[in-house]
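K.L.:
here you go, sequence then predicted model.
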Amino acid sequence: MKVLEFEMDRDEILDITGHVQEFVRESDKGEGAVLIFSVGSTGAVTTLEYELGLSKDLPRVMDRIAPYSDHYDHHRTWNDDNGSSHVKSAIVGTSLIVPFSGRKLMLGTWQQIVLINFDTGRRKRRVILHVL
């Protein structure tokens, strides 16, 4: 198991494929799967083609689904402002499993593993990697 930590701004999308690939390469398994888990309920992990256009498109589309400016009962429950962040995280998800063979991730040509910070401000994001 390995824990990664990143400082991220609101709606920042970070390509963590290299970190995951390095972890798999250093493991004692030639094939299997790696679990990528984002700790917390306002971050997310998924795959996408990591490029400037999509790094703008995804937050914009997610904000249409769960706008930061909307009313969330969560705000009254905890006296905070990140109800939208929790909803977005729940939609995208906080974990991902990627198979590997020959100690190489079996991703598509344009497919990268990304970490997303949906929280309303800069946050330290932790990611747990575990070979299965």
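P.N.:
Everything's here; your move. Numbering: from 1, shown residues only.
K.L.:
what about the residue with the largest distance to the centre of the chain, which helix or strand?
P.N.:
What lies farthest from the middle of the chain is Arg76; by C-alpha atoms, centre = their mean that is 26.5 Å. Assigned by DSSP states H and E, Arg76 belongs to helix 73-78.
K.L.:
give the buried residues for that helix.
P.N.:
His74 (16 or more other C-beta atoms under 10 Å). Where you see a C-beta, it was placed from the backbone N, CA and C, and this is true even at glycine.
K.L.:
repeat that for stretch 118-130.
P.N.:
Under 16+ other C-beta under 10 Å, the buried positions of stretch 118-130 are Phe118, Asp119, Thr120, Arg123, Arg125, Val127, Leu129.
K.L.:
in contact with Val92: list those residues for me.
P.N.:
Residues in contact with Val92 (C-beta atoms under 8 Å, 6 or more residues apart in numbering) are Ala44, Val45, Thr46, Met62, Ile116, Phe118.
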